[in-house]
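Undergrad: Please work out how this folds:
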Amino acid sequence: MFRLTDFDYHDKTVFLRADLNSPVKDGNIISDARFRAVLPTVRYLLEGGAKLVIGTHQSKPYKGDYITTEQHAEILSGLLGQEVEYVEDIFGRYAREKISSLKPGEAIMLENLRFSAEEIKYKPIEECEKTFFVRKLAPLIDYVVNDAFAAAHRSQPSLVGFARLKPMIMGLLMEREIRALTKAYETQEKPRVYVLGGAKVDDSLRVAENVLRGEKADLILTGGLVGHVFTLAKGFNLGDANLEFMERKGLLELVDWAERILDEFYPQVRTPVDFAVDYRGERVEVDLLSDEKWLFDGHPILDIGSRTVEKYREVLMKARVIVANGPMGVFEREEFAIGTVGVFRAIGESKAFSVVGGGHSIASIYKYGITGISHVSTGGGAMLSFFAGEKLPVLEAFKESYERFKDLLKG
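TA: Below you'll find the model as predicted:
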């Protein structure tokens with residue numbers, strides 16, 4: 001795969017595909033974490049004299065955080081200390097004129113790429129190549145730099161469509177992500193512990209199955225809704241309130257799958273021994289084997305309990321490699337952040353090489369000032385796909401582009 005240092009960008013037009021998709025509240029972006037993550041790549045290109053065209057998506061149609069990229073351009077301008085002009089167009093004449101008139105060291109940001117219908121669908125490279133987006137912009141571009149690791153599991157025109165037409169190069173963030181994830185996945189150091197939480201239960205089951213079967217993990221600790229599903233698969237009753245919630249979310253149909261994983265790898269999958277519920281406005285912890293289990297009938301589980309945190313902590317402090325994705329509970333409510341904060345603090349304090357990812361995980365790490373984690377990944381879904389052993393379309397596109405254009409390096 002091409003690295004950023006392989007080419008000279010002076011006076012070259014570069015399309016940088018970033019992932020600046022950020023949380024929005026009341027119409028305003030409330031986190032600049034992804035902007036800061038891509039900053040080294042942006043600086044490298046501009047200092048190298050590139051004419052920079054930045055593209056990102058923000059949310060998807062009909063959602064409350066589906067906004068223009070005007071704020072994205074403003075935030076990036078502020079962090080960079082130079083103007084990144086917002087262009088209210090994607091591949092129309094106005095956008096193409098703006099691209100053509102760029103001078104070395106200047107940058108523009110295109111409109112939200114998902115305002116274009118072509119960008120919503122997942123299609124193979126061949127079809128992405130034929131889109132208007134790619135056909136209109138390709139003649140104006142010399143190089144494509146992809147730094148959108150968080151979207152690497154998607155096959156869309158802006159992400160893979162240029163790969164066979166122009167050299168597609170890894171940005172600095174992309175390179176750092178791939179290096180850290182590969183190190184955690186391929187290592188032979190033991191014990192290797194995976195912590196799977198959050199709400200992406202089917203993705204987490206795929207990861208569990210892949211890393212256990214491939215002997216990439218020695219232990220799996222579960223929390224969040226992933227922990228609920230495995231707890232049910234072990235034969236425990238989580239009460240009416242929780243079963244109804246899980247049925248609404250379509251999670252009960254995943255219990256059989258979790259059961260099959262347990263049948264094959266039972267001692268390697270750990271589940272919570274206690275949970276916390278909201279009882280009359282307060283956090284109340286309920287042991288799975290106690291008489292207080294009646295509380296589960298009327299009160300949803302919002303976190304793992306303190307005993308579980310202690311047990312998980314013991315495991316994490318002995319680990320050599322840790323991969324974690326997703327929170328242990330509803331960390332947004334302070335009294336139910338004990339599980340997430342306790343587990344992530346233990347990861348930070350352990351001597352293990354650690355990779356933690358997922359939007360909610362990152363939010364909790366920043367909110368509670370957790371330090372010591374080796375690599376905080378910007379991608380949740382992409383990271384889960386990687387550890388599930390799936391081919392990531394963007395990584396495949398990098399390889400294809402390298403094969404097609406590697407002769408350029410000989411010059």
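Undergrad: tell me which strands and helices the worst-scoring helix or strand of the chain on mean pLDDT is in contact with?
TA: Within the chain, no helix or strand scores below helix 359-367, which has a mean of 83 by mean pLDDT, DSSP states H and E. On a contact count with 3 or more C-beta pairs under 8 Å, 6 or more residues apart in numbering; DSSP states H and E, helix 359-367 meets helix 338-349. Bear in mind the C-beta positions are built from the backbone N, C-alpha and C, glycine included.
Undergrad: Okay, angle between the helix or strand just after the helix it packs on and helix 338-349 too, please.
TA: Next in sequence after helix 338-349, counting helices and strands by DSSP states H and E, comes strand 353-357. Put simply, strand 353-357 runs at 140 degrees to helix 338-349, going by axes from the mean of the first three to the mean of the last three C-alpha atoms, to 10 degrees.
Undergrad: got a list of contacts for strand 353-357?
TA: Strand 353-357 has contacts (C-beta atoms under 8 Å, 6 or more residues apart in numbering) with 180-181, 183-184, 187, 189, 320-325, 344, 347-348, 362, 365, 372-380, 383-384.
Undergrad: for the least confident helix or strand of the chain, which positions count as buried?
TA: Gly359, His360, Ser361, Ile362, Ala363, Ser364, Ile365 (16 or more other C-beta atoms under 10 Å).
Undergrad: strands paired with the helix or strand following it, and their directions?
TA: For helix 359-367, the succeeding helix or strand toward the C-terminus, using DSSP H and E, is strand 375-376. According to DSSP bridges, strand 375-376 forms sheet pairs with strand 353-357 (parallel).
Undergrad: got the angle for the partner strand vs helix 359-367?
TA: 110 degrees.
Undergrad: Strand 353-357 - what's its average pLDDT?
TA: For strand 353-357, mean pLDDT is 96.
Undergrad: sorry, back to before: counting neighbours, which of the contacts of strand 353-357 end up buried?
TA: Judged by 16+ other C-beta under 10 Å, buried ones among the contacts of strand 353-357: 180-181, 184, 320-325, 344, 347-348, 362, 365, 373-380, 383-384.
Undergrad: how does the chain divide into domains?
TA: In terms of domains, the chain is parsed into 2-170+391-410, 178-379 (source: automatic domain parsing).
Undergrad: contact partners of the helix or strand hosting Leu45?
TA: Assigned by DSSP H and E, Leu45 falls within helix 33-47. Helix 33-47 has contacts (C-beta under 8 Å, 6+ apart) with 4, 9, 14, 16, 18-22, 52, 54, 72, 75-76, 79-80, 82, 105-107, 145, 147, 150, 171-173, 362, 366, 378.
Undergrad: Could you rerun that using 6 Å?
TA: When contacts are defined by C-beta atoms under 6 Å, 6 or more residues apart in numbering, helix 33-47 is touched by residues 4, 9, 14, 18, 20, 22, 52, 75-76, 79, 105, 147, 171-173, 378.
Undergrad: For Leu159, which non-adjacent residue is spatially closest?
TA: Using C-beta to C-beta, 6 or more residues apart in numbering and skipping the chain neighbours, the partner closest in space to Leu159 is Val394 (5.5 Å).
Undergrad: err, Ala388, not the other one
TA: Closest to Ala388 by C-beta to C-beta, 6+ apart is Arg206, at 3.9 Å.
Undergrad: quick one: the one you found from Arg345, how far?
TA: 28 Å (C-beta to C-beta, to the nearest Å).
Undergrad: How about Thr187?
TA: Taking C-beta to C-beta, one finds Thr187 at 23 Å from Arg345.
Undergrad: got it, and Ser354?
TA: 12 Å.
Undergrad: More neighbours: which of the two?
TA: Ser354 (24 against 20; other C-beta atoms under 10 Å).
Undergrad: Which strand residues bridge the more buried one?
TA: Beta-bridge partners for Ser354, by DSSP bridges, are Ile322.
Undergrad: roughly how far apart are it and Glu175?
TA: 19 Å.
Undergrad: Check Gln268 too.
TA: Taking C-beta to C-beta, one finds Gln268 at 32 Å from Glu175.
Undergrad: got it, and Gly81?
TA: In terms of C-beta to C-beta, Gly81 sits 24 Å off from Glu175.
Undergrad: show me the contacts for Arg404.
TA: Arg404 touches Arg164, counting by C-beta under 6 Å, 6+ apart.
Undergrad: my read is it is in a helix, agree?
TA: Yes: under DSSP: H, G, I helix; E, B strand; the rest coil, Arg404 sits within a helix.
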